[in-house]
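Trainee: Structure for the following, please:
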Amino acid sequence: MAKGRILIVEDDFDISNMLRIYFNGQGYDVNVAPRGGDAMTLARQHLPHLIVLDIMLPDMDGYAVCRQLRQTTRTSHIPIIFLTQKDERSDRIAGLELGADDYITKPFDIEELKLRVQNAITRSQLQNLSDPQSGLPSGRLIEDELRKLMRTSGWAFMDCKLSYFDPFKEVYGFVAGGEVLRFTALLIREVVDEAGAPTDFIGHPGGENFVIIATEANAAAIRNRLKTRFAEEIKTHYSFIDRERGYIMARGDNNADQQTPLMTLAVGIVSSTHEFSDIREITELAAEARRDDGG
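Mentor: Residues are numbered from 1 along each chain as shown. A predicted model of the protein is given here:
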């Protein structure tokens, strides 16, 4: 399993290629964007655990990229390390004021950059900002988004859970289980991009549970599309025999093998049409609706 996903935003091919090769060798998945606009697209599509961002880019400067990333709900939590030839105090302050997590100047020591990357990713996870498997916002960030809902209207909160995930892990192992979680996170992002809005929020509280905060008008379309695609595409994670027969043989409560259905995705929805006194009521009602959906 990779240590995490890194997005390198650098227009100098020699530098970006060197960083890609180096961090791939360190066990990271690496994407490269030569322009600021490309960085915004890749950040939304692949949700990196960290972004190394050059300030001098051909289409827009790194400050503008950082500002947009911080103002976009889906990418606001991602740690950012600025990479630049500038070493002025005012430049460092400008980057940090925009929400960058760190700053390193060229020419840089690759070992120092590696440690800064490791520390930034670890710090984000320890602060309960992102899930290490999916890279999606986790605990505290989800709670912050829920508190915002209490002051607004027109929203829908969606509680999503993979049914029959534990039997799948028992049969196929934890590595396959991690692949399913990453697949589900990617699928949710794709569906929300198709049927939702750029400001919609996606979170991963942990394990087989995911959450979506969207507009009430789009919630049903997101739910239906998500369940349909999951039911079809999850089959690729099973062996040919299990796909054909539609179940797996997994250990049951009586310690004997029994037929267990293929995984499905249960989705419960609550909206601002209800009145809530605290965020716990939102999550409890959504969980009840999700259980009614089979999860």
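Trainee: contacts and neighbour counts: CA atoms only from here.
Mentor: Will do.
Trainee: Chain neighbours aside, what residue packs nearest to Arg147?
Mentor: Among residues not flanking Arg147 along the chain, Ile279 sits closest, at 6.3 Å (C-alpha to C-alpha, 6 or more residues apart in numbering).
Trainee: distance of that neighbour from Glu244?
Mentor: Using C-alpha to C-alpha, to the nearest Å, one gets 43 Å for the distance from Ile279 to Glu244.
Trainee: did I read that right, Val32 in a strand?
Mentor: Yes. Counting by DSSP: H, G, I helix; E, B strand; the rest coil, Val32 falls inside a strand.
Trainee: I'd assumed Arg5 was in contact with it.
Mentor: No. In this structure, Val32 is not within contact of Arg5 by C-alpha atoms under 8 Å, at 11.0 Å.
Trainee: ok, which stretches of this structure are strands?
Mentor: Taking DSSP state E, the strands of the chain run over residues 5-9, 29-33, 50-54, 80-84, 102-105, 155-163, 201-206, 209-215, 247-251, 257-261, 264-271.
Trainee: Just put the ones you listed in JSON lines and tack on mean neighbour count, distance to Arg229 and mean pLDDT.
Mentor: JSON lines is the format used below for the strands of the chain (neighbours: other C-alpha atoms under 10 Å; distance: least, C-alpha to C-alpha, whole Å; pLDDT from 0 to 100):
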{"stretch": "strand 5-9", "mean neighbour count": "25", "distance to Arg229": "25", "mean pLDDT": "96"}
{"stretch": "strand 29-33", "mean neighbour count": "20", "distance to Arg229": "25", "mean pLDDT": "96"}
{"stretch": "strand 50-54", "mean neighbour count": "26", "distance to Arg229": "28", "mean pLDDT": "95"}
{"stretch": "strand 80-84", "mean neighbour count": "23", "distance to Arg229": "33", "mean pLDDT": "89"}
{"stretch": "strand 102-105", "mean neighbour count": "19", "distance to Arg229": "39", "mean pLDDT": "87"}
{"stretch": "strand 155-163", "mean neighbour count": "24", "distance to Arg229": "13", "mean pLDDT": "97"}
{"stretch": "strand 201-206", "mean neighbour count": "22", "distance to Arg229": "17", "mean pLDDT": "94"}
{"stretch": "strand 209-215", "mean neighbour count": "23", "distance to Arg229": "16", "mean pLDDT": "96"}
{"stretch": "strand 247-251", "mean neighbour count": "17", "distance to Arg229": "18", "mean pLDDT": "90"}
{"stretch": "strand 257-261", "mean neighbour count": "14", "distance to Arg229": "17", "mean pLDDT": "91"}
{"stretch": "strand 264-271", "mean neighbour count": "24", "distance to Arg229": "10", "mean pLDDT": "97"}
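Trainee: For those, give me TSV that also has distance to Phe183.
Mentor: Below are those laid out as TSV (distance: least, C-alpha to C-alpha, whole Å):
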stretch	distance to Phe183
strand 5-9	14
strand 29-33	15
strand 50-54	19
strand 80-84	24
strand 102-105	30
strand 155-163	12
strand 201-206	13
strand 209-215	12
strand 247-251	20
strand 257-261	19
strand 264-271	12
